[in-house]
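Colleague: Here's my sequence, what's the structure:
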Amino acid sequence: MRKLEIKDAETIRIAVQDEISRSEEARYDHRLHGILLACSGKGCYEIGRLLGHSPRTIESWVHRFEKGGFAGLRERDRPGRPRSLDDKAMDTLGQHLRKSPKSFGYHQNLWDGKLLSHHISEAFGVTMGVRQCQRLFRKLGFRRRKPRPLIAKADPVAQQALKKTAEDSKSR
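Modeller: Residues are numbered from 1 along each chain as shown. Take a look at the predicted model:
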């Protein structure tokens, strides 16, 4: 039987690994393949190279399987700090951000990290830093907008006249 070849194998390998990492069930099946290879007499280094993991990861899978059986290979809770705002609070916050800050009694026209931090503290009783609030904007699908600068001691009538003049010359 001839050797099978896949065109652009490296790109395909990366795509398959991405697909495996997306699904909890696919990660479980992937670990099962690792155990199957270990049962076939393959070593951690060889299995790791074949599956795209470190030998230490393969060794961990084998230990988890020996200790807990098939349930030991299932996805576990991942370590990390719990979220400050749950899904319901995040949805509510997204609705708040779609409204003007003035509708909540603030004097600003646009939301910014500092105002959002204050609003989250008032509305949800959760303290968040300004930088984390800036990240929340992106996570909720908002982009940063800056207010237009106002020139000190500017004459609004002269500015408006200049705008009309500039628009007139563009239309010609």
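Colleague: Tell me how far H30 lies from E46.
Modeller: The gap separating H30 from E46 is 16 Å, by Cβ to Cβ, to the nearest Å. Using the backbone N, CA and C atoms, a C-beta is placed for each residue, glycine as well.
Colleague: With neighbour numbers in mind, choose between the two.
Modeller: Taking other Cβ atoms under 10 Å, H30 and E46 do not tie; H30 has more neighbours (19 against 14).
Colleague: ok, the more buried one - contacts?
Modeller: The contact partners of H30, by Cβ atoms under 8 Å, 6 or more residues apart in numbering, come to 20, 51.
Colleague: which SS class is it?
Modeller: Here H30 is helix, with the state taken from DSSP: H, G, I helix; E, B strand; the rest coil.
Colleague: What's the separation between it and A15?
Modeller: 14 Å.
Colleague: same thing with M128?
Modeller: In this view, M128 and A15 are 37 Å apart by Cβ to Cβ.
Colleague: who has more neighbours, those two?
Modeller: Between M128 and A15, M128 has the larger neighbour count (other Cβ under 10 Å), namely 19 against 11.
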